[in-house]
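*Asks:* Sharing a sequence plus its predicted fold:
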Amino acid sequence: MTAPIFRFAPSPNGELHLGHALSAMLNDDLAKMAGGRLLLRIEDIDTTRCTPQFEAGIYENLRWLGFVWEEPVRRQSAHFGAYREVLAELVRQELVYPAFMSRGEIRAFAEAREGDGTGWPRDPDGAPLYPGLDKTLGSQERQRRIDEGRAFAWRLDMAAALARIGRKLSWQEYQDDGLAEVATVEADAAAWGDVILARREIPTSYHLSVVTDDALQGVTHVVRGRDLYHATAVQRLLQELLGLPAPLYRHHRLILGEDGRKLSKSMKSTGLTALRTAGATPQEIRRLVGL
Ligand code: GLU
């Protein structure tokens, strides 16, 4: 049997904080426990928000924490070609369509329905589902709009995708901080509606690149924060559509701030650089995150 493969996959769009430390340390602990490998992946597809400084900060803080990863590190921004091919496969399968409504237009559409009592569904993150009005545009009209330079995103035709699979999907979720017990979780991808899989300027999205990379890198164990629990449904669907293997999942508790909310990348008191320069030790960080 080949060794299990774990990965820690931060985005360099801010400072690492205690939440990242928990994720990194848990991946490290579990990889050691399972006799597995540990990869670091830099998820920097958002070239407007990710910076070389934040990326350097990730390496520096992880090294300080004692996190050891394999080289070379996969940086997603260097692999747009690979994502473009996966997107092309979904275009070929007619499971994605160019969607032209802006975020403001979607919000206005949903608010109008909510205002007149009709109601409009929201995804697990609270954003209104895409109305999908342009799903039925003819190919000529689509091309005309694209040639005109209209902004658009490639969205998954969720109804068509679910029909293509034709059965319920699920994933295996570890139930504790160890690797003892797994449970089957039903994947409700429909709750997300027609999710964005790529943009005009960036040939990928969070979901598309994560699924592509987890498969390409042979990741067997995805250990990440609870905030991505529901996103797993979309990722399982994409894995099935693309014929990719399903890793095992563990969505760990989040570290909350004093206000009871999820930590944000701008919070000074919980940033790893701030804690390190204030004299904290990696052992203290372990204790702070409850490991
Ligand atoms: N890059 C994502 C983040 O920093 C994590 C993605 C994942 O673990 O699937 O939130």
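*Replies:* All right, it came through fine. Numbering: from 1, shown residues only.
*Asks:* Measure how buried residue 82 is and give me the count.
*Replies:* Neighbour count of residue 82, defined by other CB atoms under 10 Å: 16. (C-beta placed from N, C-alpha, C; glycine too.)
*Asks:* contacting residues around residue 62?
*Replies:* 8, 16, 24, 40, 69 (CB atoms under 8 Å, 6 or more residues apart in numbering).
*Asks:* all helices for this protein, in order.
*Replies:* 18-33, 52-65, 80-92, 103-115, 139-147, 158-165, 206-216, 231-242, 272-277, 282-288 (DSSP state H).
*Asks:* roughly how far out does the last one sit from the chain middle?
*Replies:* Here helix 282-288 shows a centroid-to-chain-centroid distance of 26 Å under the convention CA atoms, centre = their mean, to the nearest Å.
*Asks:* How about the fourth one?
*Replies:* Helix 103-115 has its C-alpha centroid displaced from the chain centroid by 25 Å (CA atoms, centre = their mean).
*Asks:* Now that helix: buried residues?
*Replies:* Buried residues in helix 103-115, counted by 16 or more other CB atoms under 10 Å: 106, 109-110.
*Asks:* Redo those residues as a markdown table? Include pLDDT and distance to the ligand.
*Replies:* Compiled in a markdown table, those are given as follows (pLDDT from 0 to 100; distance: CB to the nearest ligand atom, whole Å):
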| residue | pLDDT | distance to the ligand |
| --- | --- | --- |
| 106 | 97 | 23 |
| 109 | 96 | 28 |
| 110 | 96 | 25 |
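*Asks:* Enumerate the residues of the stretch 151-291 of the chain near the ligand.
*Replies:* 210, 224, 228 (CB under 6 Å from any ligand atom).
*Asks:* List the contacts of the last one.
*Replies:* Put plainly, it is residue 228. Here residue 228 is in contact with residue 251 (CB under 8 Å, 6+ apart).
*Asks:* Report the separation between whichever residue of the stretch 51-200 of the chain sits closest to the ligand and residue 96.
*Replies:* The nearest approach of the stretch 51-200 of the chain to the ligand comes at residue 76, 8.9 Å away (CB to the nearest ligand atom). Shown here: residue 76 relative to residue 96, a distance of 19 Å by CB to CB, to the nearest Å.
*Asks:* likewise residue 39?
*Replies:* The value you get for residue 39 to residue 96, if CB to CB is used, is 28 Å.
*Asks:* So those two - more neighbours on which side?
*Replies:* Counted by other CB under 10 Å, residue 39 and residue 96 do not tie: residue 96 has more neighbours, with 25 against 21.
*Asks:* What separation is there between the more buried one and residue 124?
*Replies:* In this view, residue 96 and residue 124 are 21 Å apart by CB to CB.
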